[in-house]
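K.L.:
model this:
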Amino acid sequence: MKELLKNGGSLFLKTIIVNIMCFFVVISFSVLTTAVFSKNIGYTAYGTTSTSSEQTELYKYYYEDGDDTQRQVYEEQGYDIVTSTIRSEISGAGTVVFLTVSQIFCTLILISFIYPKIWQLGTNDSNLVRFKHKKEDKLKGFKIGALAVIPHYIFLLFLVAAKYGVMPSFPMALYKFLNSSFYSFIDIIVSGTIAVSDLALWRLLLLFILPLLIPAVAGAAYLLGYNNFSIGEKLVYKKK
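P.N.:
Purely as a prediction, here's the structure:
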């Protein structure tokens, strides 16, 4: 049991690192898809005066409205104007590309952090079991993964409690970013819901499925290692 707890705790810490890495992956792909799948449609004008260096929002201008007639009016009043670009919403195709590509990258990162060590553990245990130094437990990988996701399910139980009165305004956007390794899946499930109180119960229950990927990968990695089956070798070396 001590070994399971140790490996489960280690795997949970790895999932934290994965979420941090995936946060930056999500942000990066969001910036890229915004640049590619949206366009400049106007700008917000901010002004400062000789008596105040504090920027004040003056107006919003959209290219479709024709010439910007307000700028000259404010400049005549003594404002120095700077602008901030307004971009259109990302197109539907852009959203699909963003969610798909970012989730593929995050899933690969998650698997790469889980698989190697658990596979090696399975290989080591296979040798120990063969020489009667350890008792066989083919579910060991699944157990390690199950222990690693306990904090995830505690957080999900908090969401349930939050929905029903503890913190109904808890933002789902924060949950998505704290669990960036599943960002796209969560985004699809919550479907634009802002606060947890507005999230349908069936959608909330679907979130309980996502962490199961971790014990599934850990369990598969252990079994493959236990049977000395290397996916990498199968991909690199062809049978003669």
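K.L.:
could you check how far residue 60 is from residue 52?
P.N.:
21 Å (CB to CB, to the nearest Å). The way it works is simple: take the backbone N, C-alpha and C, and place the C-beta from them, glycine included.
K.L.:
please say which of these two ends up with more neighbours.
P.N.:
The neighbour comparison of residue 60 against residue 52 (other CB atoms under 10 Å) goes to residue 60, with 14 against 9.
K.L.:
per-residue pLDDT of that one, please?
P.N.:
Residue 60 is assigned 95 on the pLDDT scale.
K.L.:
show me which positions of stretch 200-220 end up buried.
P.N.:
Applying a neighbour-count criterion of 16 or more other CB atoms under 10 Å, one finds 203, 204, 207, 210, 211, 213, 214, 215, 217, 218, 219, 220 buried in stretch 200-220.
K.L.:
what's the answer for stretch 174-186, then?
P.N.:
175, 176, 177, 179, 180, 181, 182, 183, 184, 185, 186.
K.L.:
in helices only, show me these.
P.N.:
Among the buried residues of stretch 174-186, the members found in helices (DSSP state H) are 175, 176, 177, 183, 184, 185, 186.
K.L.:
out of those residues, who's nearest residue 48?
P.N.:
Proximity of those to residue 48 (CB to CB) peaks at residue 177, which lies at 33.7 Å.
K.L.:
name the residue closest to the centre of the chain, please.
P.N.:
Central residue of the chain (CA atoms, centre = their mean): residue 180, 1.7 Å from the mean position.
K.L.:
just the pLDDT for the residue nearest to that one when sequence neighbours are not counted.
P.N.:
Nearest residue to residue 180, sequence neighbours excluded (CB to CB, 6 or more residues apart in numbering): residue 22, at 3.8 Å. Per-residue confidence (pLDDT) for residue 22: 97.
K.L.:
quick one: which helix or strand includes residue 22?
P.N.:
helix 2-37 (DSSP states H and E).
K.L.:
likewise residue 156?
P.N.:
helix 150-161.
K.L.:
and that helix, what's its mean pLDDT?
P.N.:
96.
K.L.:
show me what the lengthiest helix in the chain is packed against.
P.N.:
Assignment by DSSP H gives helix 92-130 as the longest helix of the chain. Counting by 3 or more CB pairs under 8 Å, 6 or more residues apart in numbering; DSSP states H and E, the packing neighbours recorded for helix 92-130 are helix 2-37, helix 140-148, helix 183-190, helix 213-226.
K.L.:
how about 10 Å then?
P.N.:
helix 2-37, helix 140-148, helix 183-190, helix 213-226, helix 231-236 (3 or more CB pairs under 10 Å, 6 or more residues apart in numbering; DSSP states H and E).
K.L.:
any stretches of the chain with poor pLDDT?
P.N.:
232-240 (pLDDT under 70).
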